[in-house]
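**Student:** Give me a 3D structure for the following:
(chains A and B)
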Protein chains: 2
Amino acid sequence: MSGENIKDITAANAHYSASYAEGGLPLPPKRKLAIVTCMDARLLPAKALGLYEGDAHVIRNAGGRAKDALRSIIISQQLLGTEEVIIIHHTDCGMLTFTNPQLHDILQQRFHGHDVKDIDFLTFQDLEQSVRDDVEFLRGSEVISPHIRISGWVYEVETGTIRRVSTAN
Amino acid sequence: MSGENIKDITAANAHYSASYAEGGLPLPPKRKLAIVTCMDARLLPAKALGLYEGDAHVIRNAGGRAKDALRSIIISQQLLGTEEVIIIHHTDCGMLTFTNPQLHDILQQRFHGHDVKDIDFLTFQDLEQSVRDDVEFLRGSEVISPHIRISGWVYEVETGTIRRVSTAN
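**Tutor:** Presented below is the predicted three-dimensional model:
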């Protein structure tokens, strides 16, 4: 497969840029919105949520965890004026399938003597609770203004549908 | 604007899910690929790079910094079998416009006594160097296998075009 991904991506990008007409968009998101969601390959946030170039920050990590996104959320709100956070976790998430000790054991076996023994992989056992936990984490943060709207959602990879778990304030 | 974003997003999602036919996709990315890029609103990775549901992990944070993505990259490679990382930073990035002390001062003014004084916001002064630095960071990590392909790119928000900065190994 060596080089196949780069060949495909550069070809697709040549097609995209040939009709690109968004060169003048400003840096701050037009919708004053940041979405925090999982890196999962089955999620295409722009397509599934109707986002266009310039609309919203999209922060993605394993699980869509708010704690891991805090650096980015601070920059989004304090420097680029976003006023709303939508957190979206999803069904069949890899984060439901392992624990910190299990992954630390794998790393220890494959990379003996590695220096990342203290990483918290932010796994969870209950999908909806993980969404509520992340909404609460941001709501309780000392660097998130009370006027920021925060809501929590689940995306169903089986149906392509989002449903609300935690209401916006 | 209260509620407008959620109204728009749920309407768009209803449209998306109505014709959704990807419910049976497996969790591991088909292309064995993870993309690390910025949260910037002007970037639509799937559209700009030709990614479909199930193709690739997409990890996004302020700047597209590899260090901040390491937790997710470890999970992507060790548990979900990806073998390639494509890092994409972009022109006109917000990370070029401020420094750690400046943002710490803003937080101090707005949230007196907050507890995030030790956050490194991972700003950079040179766009192409930031890409090379992140490729080197992963290449030097004790928990990234030598057989993982890593390349670094710049996306031009002015033209919608990607160009390579650091070659894949």
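**Student:** Would you tell me which helix is longest in chain A?
**Tutor:** The single longest helix within chain A, with elements called by DSSP state H, is helix A:4-18.
**Student:** Kindly point out the strands partnered with the very next helix or strand once past that one and how each is oriented relative to it.
**Tutor:** With elements assigned by DSSP states H and E, the helix or strand that comes after helix A:4-18 is strand A:33-38. Note on strand A:33-38: by DSSP bridges, its sheet partners are strand A:56-61 (parallel), strand A:84-90 (parallel).
**Student:** Residues touching the last one, excluding its own?
**Tutor:** Looking back up the chat, that one is strand A:84-90. Residues from elsewhere that reach strand A:84-90 (Cβ atoms under 8 Å, 6 or more residues apart in numbering or on different chains): A:31-38, A:40, A:42-43, A:45, A:63-64, A:66, A:73, A:127, A:130-131, A:134-135, A:138, A:148-157, A:162, A:166, A:168, B:5-6, B:9. To be clear about C-beta, it is placed using only N, CA and C from the backbone, and glycine gets the same treatment.
**Student:** Drop anything exposed from these.
**Tutor:** A:31-38, A:40, A:42-43, A:45, A:63-64, A:66, A:73, A:127, A:130-131, A:134-135, A:138, A:148-155, A:157, A:162, A:166, A:168, B:5-6, B:9 (16 or more other Cβ atoms under 10 Å in any protein chain shown).
**Student:** So which of those sit within strands?
**Tutor:** In this view, the buried ones among the contacts of strand A:84-90 that belong to strands under DSSP state E are A:33-38, A:149-155, A:162, A:166.
**Student:** so which of the strands paired with strand A:33-38 gets nearest A:Ile119?
**Tutor:** strand A:56-61 (12.5 Å; Cβ to Cβ).
**Student:** Could you pull up the mean pLDDT of the closest one?
**Tutor:** Strand A:56-61 shows a mean pLDDT of 98 in the predicted model.
**Student:** Quick one: low-confidence residue ranges for chain A.
**Tutor:** A:1-2, A:167-169 (pLDDT under 70).
**Student:** 90 instead, please
**Tutor:** Applying pLDDT under 90 to chain A picks out residues A:1-2, A:112-118, A:166-169.
**Student:** now A:Thr97: how far from chain B?
**Tutor:** Distance, A:Thr97 to chain B, using Cβ to the nearest Cβ, to the nearest Å: 8 Å.
**Student:** got a list of what the nearest residue in space to that residue that is not next to it in sequence touches?
**Tutor:** Of all residues not flanking A:Thr97 in the chain, B:Leu79 sits nearest, at 7.6 Å (Cβ to Cβ, 6 or more residues apart in numbering or on different chains). For B:Leu79, the contact set (Cβ under 8 Å, 6+ apart) comprises A:Gly94, A:Thr97, A:Phe98, A:Leu103, A:Ile106.
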